[in-house]
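>>> Everything below, folded, please.
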Amino acid sequence: MNTNTHRIFISSMSAIVVASLVGIIYTGISYYQVDIDQRYFHDSHNEFKPSGIVGHGLGIFGTFFMLFGVFIYMARKRTKIMSRLGILKYWLEFHIFLCTLGPILIVFHTAFKFGGIVAVSFWSMVAVALSGVIGRFIYLQIPKTIEGRAMSLAEIEDYKTNIKNELKENYAISDQFLNILDSEASSNTSRLSLIRKHLKDLQLKKKDRRKIIKLCKSELAINKRIKRLELMQKLFEYWHVVHLPFAIIMIVIMIVHVGVTILFGYRWIF
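Here you go, the predicted structure:
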């Protein structure tokens, strides 16, 4: 998947989420605005109540999207069969898409009425969604391979070495020049300014200077991420302690809720 295709992919998923939210609000706002104890008398009550054709349908699709989003991503991460299917970060984005759309549908399925054991599942879902946003931020701070796998410190150091070797071998860059990249006495902006100044003194083509600047920017960026790598990895471990238990609670109660509704004879259009 190239950059343009990836952008279209992300934009399409975002558009679906926004369109779904706007569509539900547009069609049901008159019902959802009514006080809960007065909704029974609303003309659309039979459609938008949790067991109605619209409300029940939102619950079914929301549940399916969340469960599918969770288990397909887990399967991609943990099974050999799916380990080579696509880049992991794209699967993560698809997981986030389904686990964003699903809770939105579930919220409207409940018609904003929460109670009993289902309330535990609902607030667990909220906790999972919010922690997912935080986890996404932490995940983005961890350097990745091209396949989307988190890089180890050794891999990052190898990546740094490869950049420096390329600068030395292809462009005859001196060690004195490279020391600017490792200097911690100034900011990245200051270091880039010094690098550009040094490059002006070298007899290089404009195309080569651009390539060197690009490599230097990669080096500076990876240096910055190395400093944060250990912290982010620890935060990611703590994040799992919050995210996974709430996800398990949500799924277990959700399955119980679905089982009870079927047991009591609630049916949708089938």
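>>> So which residues of the stretch 1-150 of the chain form helices?
3-32, 45-48, 53-78, 88-109, 116-141 (DSSP state H, counting those that start in this stretch).
>>> if you average pLDDT over the second one, what comes out?
Read it as helix 45-48. For helix 45-48, the mean pLDDT works out to 86.
>>> Now that helix: buried residues?
Across helix 45-48, burial judged by 16 or more other Cβ atoms under 10 Å covers H45, E47, F48. Bear in mind the C-beta positions are built from the backbone N, C-alpha and C, glycine included.
>>> any residues touching that helix, and which ones?
G28, Y31, Y32, R39, H42, G52, I53, V54, G55, A111 (Cβ atoms under 8 Å, 6 or more residues apart in numbering).
>>> And for the spatially most central residue of the chain, nearest residue in space, chain neighbours not counted?
Central residue of the chain (Cα atoms, centre = their mean): R136, 4.4 Å from the mean position. Distances taken as Cβ to Cβ, 6 or more residues apart in numbering put I96 closest to R136, at 6.4 Å, once the chain neighbours are dropped.
>>> One more: L67?
I251 is the one closest to L67 (Cβ to Cβ, 6+ apart), at 6.9 Å.
>>> do F114 as well
F122 (5.2 Å).
>>> got the buried residues for stretch 255-265?
H257, T261.
>>> and that stretch, how far out from the chain's middle?
How far stretch 255-265 lies from its chain's middle: 31 Å, per Cα atoms, centre = their mean, to the nearest Å.
>>> Over to stretch 41-49?
So, by Cα atoms, centre = their mean, the centroid of stretch 41-49 is 36 Å from its chain's centroid.
>>> Could you do stretch 108-123 as well?
That offset, for stretch 108-123, works out to 25 Å (Cα atoms, centre = their mean).
>>> was I right about I53 contacting H109?
No - in this structure I53 lies outside contact range of H109 using Cβ atoms under 8 Å: 11.8 Å.
>>> So those two - more neighbours on which side?
H109 (25 against 13; other Cβ atoms under 10 Å).
>>> how near is that one to P103?
Noted for H109: a distance of 10 Å to P103, by Cβ to Cβ, to the nearest Å.
>>> A15: neighbour count?
Neighbours of A15 (other Cβ under 10 Å): 10.
>>> likewise N170?
With other Cβ under 10 Å as criterion, N170 counts 12.
>>> Surely the residue nearest to L67 touches F68?
No - contact criterion Cβ under 8 Å: I251 and F68 do not qualify, at 11.8 Å.
>>> Compare the two and say which is more crowded by neighbours.
I251 (19 against 15).
>>> name the element the more buried one belongs to?
helix 206-263 (DSSP states H and E).
>>> tell me how far that helix is from the chain's mean position?
For helix 206-263, the distance to the chain centre is 7 Å (Cα atoms, centre = their mean).
>>> on contacts alone, who are the packing partners of it?
Judged by 3 or more Cβ pairs under 8 Å, 6 or more residues apart in numbering; DSSP states H and E, helix 206-263 is in contact with helix 53-78, helix 116-141, helix 153-171, helix 175-182, helix 188-200.
>>> before we move on, back to that, where's the residue nearest to R136 relative to F137, distance?
Distance from I96 to F137, by Cβ to Cβ: 12 Å.
>>> again with T161
With Cβ to Cβ as the criterion, T161 and F137 are 29 Å apart.
>>> Let me see the residues that make contact with stretch 85-104.
1, 6, 9-10, 13, 16-17, 20-21, 24, 61-66, 68-70, 72-73, 76-77, 125-126, 128-129, 132, 136, 139, 144, 146-149.
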